[in-house]
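Peer 1: The sequence and its predicted three-dimensional model are supplied below.
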Amino acid sequence: MQAYPLPSSVKPRPGAHNLPELVTRFPDNGKGMKAFRKSWPADSYWLLMHINITSNKTARLYGIQYWKGELISDKVAKVRGATKRGIWQFDINGAFGLPPGVVAEYLKQQAATGAEEAPATEDQEDKEEDDAEEESENTEK
């Protein structure tokens, strides 16, 4: 289940992409997202803090690096190898400044409301109102 709905402008493209091509399609150009190489161990990533777009395919990305869950340096540094193709992945959950607890609570609420009756759409409500009006007209005659 996805915590954030993706805009309709974000469409998957076949082929290998570099990191700037992947993250610049998202709000704030991917600021706050976790980016990692496919070959890296778990809990190793860059937390993207600043993106300076230079063209459609290139950008300078800066962030804070974590390796195996531990902070390497609290200083913002340039992401090395960002323009290499086909080696990057990213994690959108937790992006845009939401703490993990808020996301978990949101998912719980979605699961709870999903078990209950789904909310009626406007078309269903309009149809119900029309049916009620027809019944009242029939009883008046």
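Peer 2: That came in fine, so what should we check first?
Peer 1: quick one: Gln110 and Pro27, what's the gap?
Peer 2: Separation of Gln110 from Pro27 (CB to CB, to the nearest Å): 21 Å. The way it works is simple: take the backbone N, C-alpha and C, and place the C-beta from them, glycine included.
Peer 1: do the same with Trp67
Peer 2: Taking CB to CB, one finds Trp67 at 27 Å from Pro27.
Peer 1: Leu71 reaches Ile64, doesn't it?
Peer 2: Yes. Assessed by CB atoms under 8 Å, Leu71 is found in contact with Ile64 at 7.0 Å.
Peer 1: Settle it for me: which of these two has more neighbours?
Peer 2: Using other CB atoms under 10 Å as the criterion, Leu71 and Ile64 rank with Ile64 on top: 16 against 10.
Peer 1: Looks to me like that one is in a strand.
Peer 2: Yes. Counting by DSSP: H, G, I helix; E, B strand; the rest coil, Ile64 falls inside a strand.
Peer 1: got a list of what Leu22 touches?
Peer 2: Counting by CB atoms under 8 Å, 6 or more residues apart in numbering, Leu22 makes contact with Gly30, Ala35, Trp88, Phe90.
Peer 1: which residues does the closest residue to Ser73 other than its chain neighbours contact?
Peer 2: Spatial nearest neighbour of Ser73, excluding adjacent residues (CB to CB, 6 or more residues apart in numbering): Gln65 at 6.8 Å. Contact analysis of Gln65 by CB under 8 Å, 6+ apart lists Tyr45, Trp46, Leu47, Leu71, Ile72, Ser73, Ala77.
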